[in-house]
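> Sequence and predicted structure are below.
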Amino acid sequence: MSAPQVVVHRDKELMAQAAAARLITKIVDAQAARGSASVVLTGGRNGNGLLAALAEAPARDAVDWARLDLWWGDERFLPDGDPERNETQARAALLDSVPLDPARVHAMAPAGGPYGNDADAAAEAYAAELAAAAGPEDHGPVPSFDVLLLGVGPDTHVASLFPELPGVREDERTVVGVHGAPKPPPTRVTLTLPAIRAAREVWLLAAGADKAQAAAIALSGAGEIQAPAAGARGRSRTLWLLDEAAASQLPRDLYRPASA
Ligand SMILES: O=C(O)[C@H](O)[C@@H](O)[C@H](O)[C@H](O)COP(=O)(O)O
């Protein structure tokens, strides 16, 4: 697994714009090299902020949207179309504005959908969908995502893997249901750390002073059970994209501000 790299931007707007530009380049390079690209989306303000910045990016349509696979790192287990669902928010921020191939947009099942209110069944179904998309060159029953995006909670959670809860301890299954999540809604579906670590690159997004302690803890050697963000590592790259407020408690030897 790759050691974390830290890039710090002046503020959350610039961080979102720079991350969007970085993602466009990564997708374009993957499509040039392999004919397609795959990205895992995350919920929350920073994840959706990146998508909104991407929607406005001048180079947006350098991406061949029809050859992009989109997955989710987690989903709030709510009815289809619920404004709090990560899918709903991602569609509003970007997805409904670009010509994606609907068959390549892999949303996690909603509550009241094909699996009713059974989040564990929805998780099993998503794990099966991931396994079906994996190829012989992949590392396990998950496609080798080009970029897996993660927001970071103030408690160091990523996706819906919360400190000390069962999900972060899961070392076999790739997707699990979450019950009693401390961040509402309580019922969720999430990739596990083994699935996250199958990604070529993992990018963690954190902006704001309320994330400073989480970033410092996760980047200072904490264990993944106590600090799930510390376990979110890519096979070839782990990149923390912060604004100065979120980086304010990091040791100075960890980074130099990328934008004055
Ligand atoms: O379902 C969710 O809420 C997200 O997947 C969650 O993991 C989020 O990314 C973090 O809580 C950070 O959220 P903010 O960027 O809004 O702080």
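Okay, I see it. Numbering: from 1, shown residues only.

> Okay, His106 and Ser144: tell me how far apart.
15 Å (C-beta to C-beta, to the nearest Å). In short, each C-beta sits where N, CA and C put it, glycine included.

> near the ligand, which residues of this structure?
With C-beta under 6 Å from any ligand atom as the criterion, the chain meets the ligand at residues 42-47, 74, 76, 86, 151-153, 157-159, 183.

> Drop anything exposed from those.
In terms of neighbour count (16 or more other C-beta atoms under 10 Å), the buried residues within the residues of the chain next to the ligand are 42-44, 46-47, 74, 76, 86, 151-153, 157-159, 183.

> before we move on, the earlier item: mind checking which of the residues of the chain next to the ligand are in helices?
Residues of those located in helices (DSSP state H): 44-47, 86.

> okay, those residues in JSON lines with pLDDT next?
Listed next are those as JSON lines, based on pLDDT from 0 to 100:
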{"residue": "Gly44", "pLDDT": "98"}
{"residue": "Arg45", "pLDDT": "98"}
{"residue": "Asn46", "pLDDT": "98"}
{"residue": "Gly47", "pLDDT": "98"}
{"residue": "Asn86", "pLDDT": "98"}
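
> wait, which of those is closest to the ligand?
Gly44 (2.5 Å; C-beta to the nearest ligand atom).

> Bridge partners for the nearest residue to the closest one once chain neighbours are set aside, pull those for me.
Distance criterion C-beta to C-beta, 6 or more residues apart in numbering; nearest residue to Gly44, sequence neighbours excluded, is Gly151 at 3.8 Å. Beta-bridge partners for Gly151, by DSSP bridges, are Leu205.

> list the contacts for Gly151?
If a contact means C-beta atoms under 8 Å, 6 or more residues apart in numbering, then Gly151 has 42-47, 158, 204-206 as its contacts.

> pLDDT score assigned to it?
With respect to pLDDT, Gly151 scores 98.

> quick one: it from Gly113, how far?
For Gly151, the distance to Gly113 - C-beta to C-beta - is 24 Å.

> ok, now how distant is Ala21 from Ala37?
Counting by C-beta to C-beta - Ala21 and Ala37 are separated by 15 Å.

> Tell me which of these two has more neighbours.
Ala37 (23 against 16; other C-beta atoms under 10 Å).

> Tell me where the longest helix sits in this protein.
helix 12-34.

> and it, what other elements does it pack with?
In terms of contacts (3 or more C-beta pairs under 8 Å, 6 or more residues apart in numbering; DSSP states H and E), helix 12-34 is packed against strand 4-9, strand 37-41, helix 44-56, strand 147-151, strand 201-206, strand 237-243.
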